[in-house]
Every structure is written in structure tokens, then in C-alpha cells.
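[1] Turn this into a structure:
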Amino acid sequence: MRGIALQRSTERRETVSERVQLLQGDCLDLMKQIPDGSVDLVVTSPPYDNLRGYNGIGDEWSFDKFIRIAREIEKKIKIGGVIVWIVSDATIEGSETCTSFRQALWFRKMGLNLTIR
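    Model prediction:
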């Protein structure tokens, strides 16, 4: 039988609060403050297909706004960085709107690699 020996490092380690910065507000305004190529991970679930109310915030969501946001994220993300884009589609008269599909195709057109799960 083998065992694993663990030893506590004497090196000082950063705490999460020293490494992570959370920003809240309009993403197009906030991203102007972030240096290009400096972001490791973007996780977002933007308003889409008017499936939820966001106190009036999601009311101006459009494919044009998606394109502006996607282009800005592309500038901010590091090479090898990850974008987690959580979307779904409304079902209207028995058919999905394909909003998520259009967005996935746009990300590919931008040259990003896709993994759809």
C-alpha cells in the first residue's frame, strides 16, 4: 500500500480576494477599464430572448448589442483564456429561436474555438 506525504508550504500564497476582482455594472462601460489581454476567465449569462425580466436592464438586448459585447470580450481575454457564455432559446410557436446558435456562429466567425455543452 502506498501513501502520500503532504507538507505545508512555507511560501506565502495569495488569497482569493487578492487575485480576483469582481465588477458589477454595464459590461460595455466596465470593460473600458480593463486592460486588453488581461482576463483569464469570463463567465456570463446575459439576457436573451426576453425570457426573464431584469428590472428593465434586459429590455434593450439585441443581436447588435451581443456583437459589441463579444468583440469587447475578445479584446480583454488572454490568449488561451476561457469564455463561458450561458444562453438558451425561447420557444415560439413550437420552434426555438436559435439565438444561441447565431451567437455560437458569430463566436466562430471571430476565430474563437467552441465547445458546446
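
[2] What strands line up against the longest strand along the chain, and which way round?
    Scanning the chain for the longest strand, with DSSP state E as the assignment, gives strand 77-85. Under the criterion DSSP bridges, strand 77-85 sits next to strand 39-44 (parallel) in its sheet.

[3] ok, back up a step: what's the mean pLDDT across the helix or strand following the longest strand of the chain?
    Sequence order places strand 91-92 as the next helix or strand after strand 77-85, per DSSP states H and E. What strand 91-92 shows for mean pLDDT is 88.

[4] Check stretch 95-103 too.
    On average, stretch 95-103 scores 88.

[5] Give me the residues contacting it.
    Contacts to stretch 95-103, defined as Cβ atoms under 8 Å, 6 or more residues apart in numbering, come from residues Tyr48, Asp49, Phe63, Phe66, Ala70, Trp85, Val87, Ser88, Asp89, Ala90, Thr91. Where C-beta positions appear, they are placed from N, C-alpha and C, glycine not excepted.

[6] who's in contact with the first one?
    It stands for Tyr48. Trp61, Val87, Ser88, Asp89, Thr99, Ser100.

[7] Distance check, it against Arg68.
    From Tyr48 over to Arg68 the distance is 15 Å, taken as Cβ to Cβ, to the nearest Å.

[8] Find the nearest non-adjacent residue to Val87, please.
    Nearest in space to Val87, with sequence neighbours left out and distances taken as Cβ to Cβ, 6 or more residues apart in numbering, is Ser100 at 4.4 Å.

[9] Give me the phi and psi angles of that neighbour.
    When read as degrees, to the nearest 10, the backbone of Ser100 gives phi -60, psi -40.

[10] what's the burial count for it?
    17 (other Cβ atoms under 10 Å).

[11] And Ile77, by the same measure?
    For Ile77, using other Cβ under 10 Å, the count is 19.

[12] What pLDDT is listed against the residue lying closest to it once chain neighbours are set aside?
    If the residues on either side of it in the chain are set aside, Ile77 comes closest to Val39, at 5.1 Å by Cβ to Cβ, 6+ apart. Note on Val39: pLDDT of 90.
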